[in-house]
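**Q** have a look; sequence and predicted model below, questions after that.
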Amino acid sequence: MKSFVAKTINDMPPSGIRKFFDVAAMMDDVVSLGVGEPDFVTPRHICDKAILSLDQGHTMYTSNSGMLELREEISRYMSKYGLSYDPQTQVLVTVGASEDIDISMRAILEPGDEVLIVEPCFVAYKPCVIMAGGVPVTISTSAENDFRVTAADIKAHLTAKTKAVILSYPSNPTGAILTMDELVPIADVLRERDIVVISDEIYSELTYSDCPHVSIASLPGMAEKTIVINGFSKSFAMTGWRLGFACGPVDLIAAMTKIHQYVLMCAPTIAQYAGLEALQNGEASVLAMKQEYDARRRFLLDEFKKMDIDCFEAKGAFYLFPSIAKFGLSSDEFCTRLLEEQRLAVVPGPAFGDSGEGHVRISYAYSIESIKSALDRLRKFIESL
């Protein structure tokens, strides 16, 4: 039946992350610093609210857009970033932020439209553009500029076919952020052009070293052309609940809602009640987890220095993107041998785009004990080289 598979899908490579960890799953005694999933369980009060919703019989569909009470709470939550959205018309509750990425592309792209994507980047961006009929145009960044895209980078890649640009800061996989001073010239380039900005801000709560998150949508003239994507998976340790949201201009959110209502109907009702509790009473839990992530981040950076591993200081998310170029192996070779010889799993940089070559992604969304065990194995491997 292979001939029935669409060529677009048949030609699409599998996720570089999942492909690698499928191999690791078949091996014994593997320590992993590869998966971008919090090691914390969802805070108890959030789980209790979800259980209560079941006990109270809240098991039916909600509005396609999500419970109004939750959308109102999301609107209040976004005000902390200087953003204002009408919960009735500018907020959509979705099945994870991943759905937002998909339906935002399908809502705006015509065949042949170009989308600028900053690499290294989350593995889903390019496939979602392609599946929506668009053409991904990559902008490479490097450790030399802390993996930050500049206004000049974006301007150099603009064409008459450019329909959208995806910004994802704090970044997966690099941990890079964009400050206000760096976003202002980018906004100046994009403001007067007919280009949609898709700003994936799923790690907005996780910034460190007194570097507050800034949304490009908060800059003058940008809210009316920006779709802001966020959710509960990373900040609130709610990956399995599959709950995200998108905020943006009325017409774009309406188009996304139309796709959402035909494909998924609504986000899980139980998850929406959990999300409501998270936004209303979860700030202390988020802060506690953030402090622990920061401690792990600083510990890893210190250990990398001791091991003479080059790594720029990531200031967001829960990833580091160290360089392994000095060891004379490609990223795939490094990760494959590390897994085979020391049973340590990390992700090859090219899984996130060609500009990731010479790097590996290491997640510190793991306990300090796991991190220490992983570092022992990494040290032995490097010594063997």
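**A** That came through, no problem. Numbers count the residues shown, from 1 in each chain.

**Q** please, which helix or strand holds the nearest residue to residue 248 once chain neighbours are set aside?
**A** Among residues not flanking residue 248 along the chain, residue 227 sits closest, at 3.9 Å (C-beta to C-beta, 6 or more residues apart in numbering). Using the backbone N, CA and C atoms, a C-beta is placed for each residue, glycine as well. Assigned by DSSP states H and E, residue 227 belongs to strand 226-231.

**Q** repeat that for residue 87.
**A** Under the assignment given by DSSP H and E, residue 87 is not contained in any helix or strand.

**Q** which residue, other than its chain neighbours, is closest to residue 188?
**A** Ranked by C-beta to C-beta, 6+ apart and with sequence neighbours excluded, the top spatial neighbour of residue 188 is residue 151, at 6.6 Å.

**Q** gap between the two ends of stretch 324-336?
**A** 13 Å (C-alpha to C-alpha, to the nearest Å).

**Q** might you list the low-confidence residue ranges for the protein?
**A** Filtered on pLDDT under 70, the chain yields the residue ranges 18-20.

**Q** and the strands in it?
**A** With DSSP state E applied, the chain shows strands at 31-32, 91-94, 114-119, 135-140, 162-167, 196-200, 226-231, 244-247, 319-320, 344-345, 347-348, 360-363, listed in chain order.

**Q** give me every residue that touches the residue lying closest to residue 261 once chain neighbours are set aside.
**A** Among residues not flanking residue 261 along the chain, residue 64 sits closest, at 4.0 Å (C-beta to C-beta, 6+ apart). Residues counted as contacts of residue 64 (C-beta atoms under 8 Å, 6 or more residues apart in numbering) are 257, 260-261, 265-266.

**Q** neighbours of residue 209, how many?
**A** Counted with other C-beta atoms under 10 Å, the neighbours of residue 209 add up to 12.

**Q** okay, now the nearest residue to it once chain neighbours are set aside: neighbour count?
**A** Spatial nearest neighbour of residue 209, chain neighbours left out: residue 315 (5.2 Å); criterion: C-beta to C-beta, 6+ apart. Neighbour count of residue 315, defined by other C-beta under 10 Å: 20.

**Q** quick check: the gap between the residue nearest to residue 248 and residue 245.
**A** Computed with C-beta to C-beta, to the nearest Å, the distance linking residue 227 and residue 245 is 11 Å.

**Q** joint contacts of those two?
**A** By C-beta under 8 Å, 6+ apart, residue 227 and residue 245 have these common neighbours: residue 100.

**Q** just checking, the residue nearest to residue 188 touches residue 191?
**A** No - contact between residue 151 and residue 191 fails when scored by C-beta atoms under 8 Å: they sit 11.0 Å apart.

**Q** quick one, phi psi at the residue nearest to residue 367 when sequence neighbours are not counted?
**A** Of all residues not flanking residue 367 in the chain, residue 39 sits nearest, at 5.6 Å (C-beta to C-beta, 6+ apart). Main-chain torsions, residue 39, degrees, to the nearest 10: phi -80, psi -10.

**Q** residue 335: neighbour count?
**A** Residue 335 has 25 neighbours, counted by other C-beta under 10 Å.

**Q** take the strands of the chain and write them to JSON lines, including mean neighbour count and distance to residue 179.
**A** Shown next, in JSON lines, are the strands of the chain (neighbours: other C-beta atoms under 10 Å; distance: least, C-beta to C-beta, whole Å):
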{"stretch": "strand 31-32", "mean neighbour count": "20", "distance to residue 179": "32"}
{"stretch": "strand 91-94", "mean neighbour count": "27", "distance to residue 179": "27"}
{"stretch": "strand 114-119", "mean neighbour count": "24", "distance to residue 179": "15"}
{"stretch": "strand 135-140", "mean neighbour count": "17", "distance to residue 179": "18"}
{"stretch": "strand 162-167", "mean neighbour count": "23", "distance to residue 179": "13"}
{"stretch": "strand 196-200", "mean neighbour count": "24", "distance to residue 179": "15"}
{"stretch": "strand 226-231", "mean neighbour count": "26", "distance to residue 179": "17"}
{"stretch": "strand 244-247", "mean neighbour count": "28", "distance to residue 179": "22"}
{"stretch": "strand 319-320", "mean neighbour count": "26", "distance to residue 179": "19"}
{"stretch": "strand 344-345", "mean neighbour count": "23", "distance to residue 179": "33"}
{"stretch": "strand 347-348", "mean neighbour count": "27", "distance to residue 179": "27"}
{"stretch": "strand 360-363", "mean neighbour count": "26", "distance to residue 179": "23"}
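
**Q** and these as a markdown table, adding distance to residue 100?
**A** Output for the strands of the chain, formatted as a markdown table (distance: least, C-beta to C-beta, whole Å):
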| stretch | distance to residue 100 |
| --- | --- |
| strand 31-32 | 27 |
| strand 91-94 | 5 |
| strand 114-119 | 15 |
| strand 135-140 | 17 |
| strand 162-167 | 11 |
| strand 196-200 | 8 |
| strand 226-231 | 4 |
| strand 244-247 | 4 |
| strand 319-320 | 20 |
| strand 344-345 | 28 |
| strand 347-348 | 23 |
| strand 360-363 | 22 |
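
**Q** quick one: closest of those to residue 85.
**A** Closest to residue 85 of the strands of the chain, according to C-beta to C-beta: strand 244-247, at 4.6 Å.

**Q** which residues touch that closest one?
**A** Contact with strand 244-247 is made by 66, 71, 74-75, 78, 83, 85, 90-100, 104, 202, 217, 227-233, 253, 256, 267, as judged by C-beta under 8 Å, 6+ apart.

**Q** direction included, what does that strand pair up with?
**A** If you go by DSSP bridges, strand 244-247 pairs up with strand 91-94 (antiparallel), strand 226-231 (antiparallel).
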